[in-house]
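S.K.: Model the following, please.
(2 chains)
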Protein chains: 2
Amino acid sequence: MKDKKIPTKIFLEEKELPKFWYNINAIMPEKHEPALNPKTLKPCTLEDYKEVFCEELAKQEMNMTDEYIPIPEEVQDFYTMIRPSPLTRAYCLEKVLDTPAEIYYKFEGNNTSGSHKLNSAIAQAYYAKKEGLTSLTTETGAGQWGTALSMACAYFGLDLTVFMVKCSAEQKPFRKAVIETYGGKVIPSPSITTKIGRDILEKYPNTGGSLGCAVSEATEKALETPNCKYVLGSVLDHVILHQSIIGLETKTALEKYNIEPDMLISCVGGGSNFGGFIAPFVKDKINGTKNYRIIGVEPKSCPSLTRGKYAYDFGDTGKITPLLKMCTLGSGFMPSANHSGGLRYHGMNPIVSKLYHDGYIEAVSVEQTKVFEAAVQFAKSEGILPAPESSHTIRVAIDEALKCKQTGEKKKIVFCLTGTGYFDLKAYSAFNNNTMVDYIPTDADLQKGFDTLPNITYNK
Amino acid sequence: MKDKKIPTKIFLEEKELPKFWYNINAIMPEKHEPALNPKTLKPCTLEDYKEVFCEELAKQEMNMTDEYIPIPEEVQDFYTMIRPSPLTRAYCLEKVLDTPAEIYYKFEGNNTSGSHKLNSAIAQAYYAKKEGLTSLTTETGAGQWGTALSMACAYFGLDLTVFMVKCSAEQKPFRKAVIETYGGKVIPSPSITTKIGRDILEKYPNTGGSLGCAVSEATEKALETPNCKYVLGSVLDHVILHQSIIGLETKTALEKYNIEPDMLISCVGGGSNFGGFIAPFVKDKINGTKNYRIIGVEPKSCPSLTRGKYAYDFGDTGKITPLLKMCTLGSGFMPSANHSGGLRYHGMNPIVSKLYHDGYIEAVSVEQTKVFEAAVQFAKSEGILPAPESSHTIRVAIDEALKCKQTGEKKKIVFCLTGTGYFDLKAYSAFNNNTMVDYIPTDADLQKGFDTLPNITYNK
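M.R.: Got it, this is the predicted structure:
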């Protein structure tokens, strides 16, 4: 590979790292409808949010006007430890695929949390500390968010309780061990430590839990603990804001080498990495200066964009969170035991939902066996074992590159590789042993979820 | 941390990556004594080595004259995917320790093998492919080497059989899953697939295996398989040669910012990372142009440098490998079940042994509970969960930084962080639960190992 014009990895220098996050809400042609207080059905006020969330995060959640929001210096300092993440040209994958396409990936998994989640965790822990809190609660599904937040809390000296979806806690004992090493307390959810948990256990004693249920428990716990707030690793707009660091770095790296992407691809669960990755690119698309394809990838087993409804819904099973206008399968939708815990969520961030609804972005859904085929092909050629979630992205990136092989087009495909699969080896073993199956909900399965939608509209 | 003169992470640009490995053997004031053929007790010839090893690797093993050896272009291409590894200034750890010392670490764990092992694995697989081989055999203890080699073999399309120390295979099922994902075949050792394995199982039916025994099995398997050779991840000089990429990058990064190290620290098992890390620095020390302290760190449970003998010994339990002049506890030494599988080896690379014997380097031994205390302190401040092996290094780096706190000296401490601990969470759990114990062999324990030494001297 002599005379290559673009290095395999593009690393920004420390001085090139973003000093501001990018707030998509400020430039949306039409803002998404506001979150509603479930008691009053009126838009959530700062006071409403502050009951559960840190004040500064609540302000960010409501900020519809400031395009650039400064990254606090302490957070920047931490970012210099875990960032910049490389933008890598997938020369070896291109060769294996024998495609004329150029493939680039922004790799967010090179930190102990194993994913992009640390970008927001450190910001949230910082604001909590600054507000004088002593502890936080959260939920975790696959475990990346819980790990990331435990790292952030250890760094700033905060206590942490993590409600971990029970089946994940059992499938991934080592995730629990990492969180505990960082000083976090892990409670498998549903648990007897909260009223909501006890209620669910009474109704469904053998349940493996769900993210929606863990959210309810963590929120309840925060409300009853002094000097404690609840934090969330996805779905909300302030999380997307923090994750915009991914997109900002990617854009700077591409511009450094005059690379004009044709498409941007990433997986969507609650929307956090996807929203952050596409943030500065969406701006160009809205402005009309660029016409990238922007593609979200979701599992066929939990298709909130491709088969969901655009409606107000609760973020949790216990129905205590604010109501969000989003693409949703209904808070009562029970996703199958797909191996991508991070994509097993009924709803979707409101910005991402609105962009999809308004046609600025596309969505594709894929089956998990096809996802793992792509994962192994990527692992063997690029030397990174990807997370199941990220492998959804890889599947579509490879499919697009193979289309280019057919057409001869030299498209530039840029994707976000959100994390590593080191804690997902039961899934890889299932794939290696040919025991992995695909789950595709029937229309009747989906209808059961839709039946739990609250049927609320917002009148300005 | 405004106005800091040195960025948190120093990344070399692709064009600054080394094009040559550095061969310490070429500049040793006194060469180490040669490996001996165990049948003839004469120095191993190229023909001897070629029975088991790839020819090019055998030539590198015997090369005592060429200071710089070109890195093949295909290997350089792969290095651009996994390298450069960052040299990180541990600003946060320094702050937590409140030390005037400057601490830097070269982080080799940011790849799917989780360690530096991939640096040599890819080189060895390349030479095997070039020689026209179709398969390789090896052994693995902790699992890093087996993982790295499976990645390298997948990249070059070679079959691989890995004999994995049985207790490790049982402790670390996920390591096995990664190796299998990359297409490697894992056989817990001792096994019934080799004569040596069957003999050992007959004698010790309940043994958990040892690295020495797995080496014997892998060698036997290679000898009886057509178009197959045996490769080794540590101990031999050509492995140190490949690992010199670590030291070369470190030195370039330090020089870029005019950082003059006072000491260089890394852990020593078979010597591979340590030898590679110190390679270009040893040159300065031998030349007399610099007076760094160079410190190898080993576990108190397996103290081949600090309590071993400098003598000819076998590399394996089955006594079929060449005899090496090295610091050794005897090939019959049975190390305790310490959590650092990578440091559980009776011998030591001949170059490292000779440098230690001749006083160019120091060695320190540490207890594993103290090691894990350092690991957790590092994980919380620097955001990386270190491998148990690497944490030996961290223990000594922290101790040296704390000495600086006492004396007020602003020493510059540079260490090699060889890997991550994502597959060592049983060890972390034991530490978290206070069930971890320390093993220190008595003089009588050591004597049992010394009694197995072959008592051979070499007369030129």
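S.K.: Show me the shaky parts of chain A.
M.R.: Filtered on pLDDT under 70, chain A yields the residue ranges A:1-3.
S.K.: what residue lies at the spatial centre of it?
M.R.: residue A:272 (3.4 Å; Cα atoms, centre = their mean).
S.K.: For the residue nearest to that one when sequence neighbours are not counted, grab the count of nearby residues.
M.R.: Spatial nearest neighbour of residue A:272, excluding adjacent residues (Cβ to Cβ, 6 or more residues apart in numbering or on different chains): residue A:234 at 4.0 Å. Every C-beta, even on glycine, is put in place using the N, C-alpha and C of the backbone. By the measure other Cβ atoms under 10 Å in any protein chain shown, the count of residues near residue A:234 is 26.
S.K.: if we can go back for a sec, is it true that the residue nearest to the centre of chain A touches residue A:349?
M.R.: Yes: counting by Cβ atoms under 8 Å, a contact exists between residue A:272 and residue A:349, whose distance comes to 7.1 Å.
S.K.: what residues are shared contacts of the two?
M.R.: A:234-235, A:239-240 (Cβ atoms under 8 Å, 6 or more residues apart in numbering or on different chains).
S.K.: so where does residue A:137 fall, helix or strand?
M.R.: Using DSSP states H and E, the secondary-structure element containing residue A:137 is strand A:135-140.
S.K.: The next helix or strand along the chain from that strand vs strand A:135-140, what angle?
M.R.: On the C-terminal side of strand A:135-140, the nearest following helix or strand under DSSP H and E is helix A:144-156. Angular relation of helix A:144-156 and strand A:135-140 on a 0 to 180 degree scale: 160 degrees, by axes from the mean of the first three to the mean of the last three Cα atoms, to 10 degrees.
S.K.: Which elements pack onto the helix or strand following helix A:144-156?
M.R.: Toward the C-terminal end, the helix or strand that comes next after helix A:144-156 (DSSP H and E) is strand A:159-165. Counting contacts by 3 or more Cβ pairs under 8 Å, 6 or more residues apart in numbering or on different chains; DSSP states H and E, strand A:159-165 is packed against strand A:135-140, helix A:144-156, helix A:173-181, strand A:185-189, helix A:211-224.
S.K.: residues making contact with strand A:159-165?
M.R.: For strand A:159-165, with Cβ under 8 Å, 6+ apart as the criterion, the contacting residues are A:134-141, A:143, A:146, A:149-150, A:153, A:175-176, A:179, A:183-189, A:191, A:208-211, A:213-214, A:217-218, A:221, A:341.
S.K.: Quick one: buried ones out of the residues you listed?
M.R.: Among those, those classed as buried by 16 or more other Cβ atoms under 10 Å in any protein chain shown are A:135-141, A:143, A:146, A:149-150, A:153, A:175-176, A:179, A:183-184, A:186-189, A:191, A:208-211, A:213-214, A:217-218, A:221, A:341.
S.K.: in the stretch 201-350 of chain A, which spans are strands?
M.R.: Listed in chain order, the strands found in the stretch 201-350 of chain A under DSSP state E, counting those that start in this stretch are A:228-230, A:263-267, A:293-299, A:309-314, A:323-328.
S.K.: Chain B: which of these is closest?
M.R.: Comparing the strands of the stretch 201-350 of chain A against chain B with Cβ to the nearest Cβ, the closest turns out to be strand A:263-267 (19.1 Å).
S.K.: Alpha carbons of that closest one, as PDB, please.
M.R.: This file holds the C-alpha atoms of strand A:263-267, laid out as PDB (Å, rounded to 0.1, in the frame of the first residue of the first chain):
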ATOM      1  CA  MET A 263     -23.200   8.300   3.100                       C
ATOM      2  CA  LEU A 264     -23.100   8.200   6.900                       C
ATOM      3  CA  ILE A 265     -24.200   5.100   8.700                       C
ATOM      4  CA  SER A 266     -24.700   4.100  12.300                       C
ATOM      5  CA  CYS A 267     -26.900   1.900  14.500                       C
END
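S.K.: What is the distance between that strand and the centre of its chain?
M.R.: 13 Å (Cα atoms, centre = their mean, to the nearest Å).
S.K.: The strand holding residue A:137 pairs with which strands, parallel or anti?
M.R.: Using DSSP bridges, the neighbouring strands of strand A:135-140 in the sheet come out as strand A:159-165 (parallel), strand A:228-230 (parallel).
S.K.: Which SSE is immediately downstream of the first one?
M.R.: From strand A:159-165 onward toward the C-terminus, using DSSP H and E, the following helix or strand is helix A:166-171.
S.K.: What residues sit buried inside that next one?
M.R.: Applying a neighbour-count criterion of 16+ other Cβ under 10 Å, one finds A:166-169, A:171 buried in helix A:166-171.
S.K.: likewise stretch A:82-95?
M.R.: Applying a neighbour-count criterion of 16+ other Cβ under 10 Å, one finds A:82-94 buried in stretch A:82-95.
S.K.: can you check stretch A:220-238 too?
M.R.: Of the residues in stretch A:220-238, those scored as buried under the neighbour-count criterion (16+ other Cβ under 10 Å) are A:220-222, A:225, A:228-238.
S.K.: Just the closest of those residues to chain B, please.
M.R.: For chain B, the nearest member of these is residue A:233. The distance, counting by Cβ to the nearest Cβ, is 16.7 Å.
S.K.: Provide a list of residues in contact with that closest one.
M.R.: Here residue A:233 is in contact with A:117, A:120-121, A:138, A:140, A:144-145, A:148-149, A:239, A:270, A:272 (criterion: Cβ under 8 Å, 6+ apart).
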